[in-house]
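Engineer: What shape does this take:
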Amino acid sequence: MNHYRNRADCENNFDEIKNQWGWDGYVTKDLARCRMLARMVALIYNWWTLYVRLSNPDSHKESITSRPLLMSSIGKLTESGNQKKIKLTSQHRLMNKIAELQNQLCGFLDSIKNIAPQLSPIQAWCRILTKAVSKFAPEHKLLFVDEFT
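Structural biologist: As a prediction, the model looks like this:
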């Protein structure tokens with residue numbers, strides 16, 4: 001039973017990429033263009049999944065629910081001195097929950113930015129990926145590059 005559930009979880013990701021991200025086929029016979037589009041879709045899917053996982057590391061949200069949830073805001077960029085701020089306004093019914101998740105994400109990214117001079121780019125990515133997969137590593141152990149090689 002567990003084997004079947006794990007297989008279904010894996011197949012759900014492919015179903016999501018195919019049906020919600022446009023990876024269901026291309027009408028050109030030009031293989032180079034097909035490969036380029038497939039890679040772009042995969043890259044955007046990976047970035048979006050990482051962003052959603054950083055926003056809410058406790059659960060996986062499919063794009064069909066996460067895009068309306070996290071992209072339903074109107075943003076305005078304001079500049080004052082050397083600072084740029086984006087003010088988001090949302091009409092979504094879960095507006096308060098979205099704002100809380102985004103504030104937590106901004107705080108996390110600000111903490112990375114504040115210590116970035118001491119970190120190599122790989123160390124910064126390790127911190128970001130540790131946060132993204134924190135549900136699967138409940139002891140909040142920081143992942144290091146040496147563990148992946």
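
Engineer: Which strand residues bridge Gly75?
Structural biologist: Leu88 (DSSP bridges).

Engineer: Now do the same contact list for Cys10.
Structural biologist: The neighbourhood of Cys10, defined by Cβ atoms under 8 Å, 6 or more residues apart in numbering, contains no residues. Yep, even glycine has a C-beta here, placed from its N, CA and C like the rest.

Engineer: Can you tell me the element it falls in?
Structural biologist: helix 2-20 (DSSP states H and E).

Engineer: Would you mark the buried spots in that helix?
Structural biologist: The neighbour-count check on helix 2-20 (16 or more other Cβ atoms under 10 Å) flags 16-17, 20 as buried.

Engineer: Dump these to TSV, plus distance to Gln83.
Structural biologist: Formatted as TSV, these follow (distance: Cβ to Cβ, whole Å):
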residue	distance to Gln83
Glu16	37
Ile17	38
Gln20	36
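
Engineer: Can you list the neighbours in contact with stretch 49-64?
Structural biologist: 12, 16, 20-21, 45, 48, 66, 69-70, 101-102, 104-105, 108, 128, 131-135.

Engineer: just the buried members of those residues?
Structural biologist: For those, a burial check counting by 16+ other Cβ under 10 Å picks out 16, 20, 45, 48, 66, 69-70, 101, 105, 108, 131-132, 134.

Engineer: Quick one: the strands in this structure, in order.
Structural biologist: 73-80, 83-90 (DSSP state E).

Engineer: comparing the ones you listed, which gets the lowest mean pLDDT score?
Structural biologist: Lowest mean pLDDT within the strands of the chain: strand 83-90, a mean of 83.

Engineer: Skipping adjacent residues, who's closest to Lys85 in space?
Structural biologist: With sequence-adjacent residues excluded and distances taken as Cβ to Cβ, 6 or more residues apart in numbering, Lys85 is closest to Thr78, at 5.2 Å.
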